[in-house]
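Undergrad: I would like to see how this sequence folds:
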Amino acid sequence: MTGMTIGKLAAAEGVSVETVRFYQRRGLLAEPPRLGAGYRQYSDEDRARLDFIRRAQTLGFTLGEIADLLGSAEAESSHEIAAAAQAKLAAIDDQVRKLLQLRCRLRQLVRVCEHGDDAQCAGLRLPDGSGEPAGSRR
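TA: Numbering: from 1, shown residues only. This next block holds a predicted model:
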C-alpha cells in the first residue's frame with residue numbers, strides 16, 4: 001500500500017487526517033516530501049509508525065513517552081522499550097492501589113450514612129457543618 005495520501009493513511013489506521021497532522025506537529029510522524037502533483041505520499045513505514053503510536057496510546061503511554069519509545073524502537077533497543085513498559089506498569093499498579101483504597105473508604109462512608117445517623121455521616125458535611133452548599137441558605 002505504498003504511496004498513500006494522508007487521507008488514505010488516516011483511513012487505513014482509523015484516525016482522522018487532523019490526527020495525522022497533529023502527530024506530525026508533535027514530531028511523532030515525519031512529513032513526507034511532496035511528489036509530482038504536489039501531494040504527500042506516505043509509505044508502509046509511515047503506516048507502521050502510526051499503528052505503533054495508536055497501540056502505545058491504548059496501553060496508556062503519553063505522547064511524550066511514545067516519542068521516547070519510537071526512538072528506542074528505531075534503535076531496536078528492546079531493553080529500553082521493556083524498561084518503559086515496566087515503568088508504565090508500575091505507575092498503573094500504583095493507580096490501582098490508590099483507587100482500591102478510595103473505593104474502600106467510599107464503601108465505608110456509604111455504610112455509615114445508610115445505617116447511622118446524620119452526625120455519623122460527617123464525611124458529607126461542609127466545613128461550616130450545615131450540610132448545605134455555601135450561598136444556598138436564606
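Undergrad: and the residue nearest to the spatial centre of the chain, what does it touch?
TA: In the chain, the residue lying closest to the centroid (CA atoms, centre = their mean) is G60, at 4.8 Å. Contacts here follow CB atoms under 8 Å, 6 or more residues apart in numbering; on that basis G60 touches 88, 92. (Glycine included, C-beta is placed from N, CA and C.)
Undergrad: Count residues in the vicinity of G64, would you?
TA: 10 (other CB atoms under 10 Å).
Undergrad: ok, now Q24?
TA: For Q24, the neighbour count with other CB under 10 Å is 16.
Undergrad: Next one: the nearest residue to it once chain neighbours are set aside relative to D46, how far apart?
TA: Once flanking residues are discounted, Q24 sits nearest to E31: 5.0 Å by CB to CB, 6 or more residues apart in numbering. Separation of E31 from D46 (CB to CB, to the nearest Å) stands at 10 Å.
Undergrad: more neighbours, the two?
TA: D46 (22 against 14).
Undergrad: Hmm, that one is touching L9, no?
TA: Yes: contact criterion CB atoms under 8 Å: D46 and L9 qualify, at 6.3 Å.
Undergrad: Am I right that the residue nearest to the centre of the chain is in a helix?
TA: No: assigned with DSSP: H, G, I helix; E, B strand; the rest coil, G60 falls outside any helix and is coil.
Undergrad: Output stretch 48-55 in CSV with nothing but the alpha carbons.
TA: C-alpha atoms of stretch 48-55 as CSV (Å, rounded to 0.1, in the frame of the first residue of the first chain):
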residue,chain,number,x,y,z
ALA,A,48,3.5,1.1,10.7
ARG,A,49,4.7,4.1,12.8
LEU,A,50,1.1,5.4,13.0
ASP,A,51,-0.1,1.9,14.1
PHE,A,52,2.7,1.8,16.8
ILE,A,53,1.6,5.3,18.1
ARG,A,54,-2.1,4.1,18.3
ARG,A,55,-1.2,0.8,20.0
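Undergrad: Buried ones in it, by neighbour count?
TA: Residues of stretch 48-55 classed as buried under the neighbour-count rule (16 or more other CB atoms under 10 Å) are 49-50, 53.
Undergrad: now what about that stretch, what contacts it?
TA: 9, 13-15, 20, 23, 28-29, 66, 69-70, 73.
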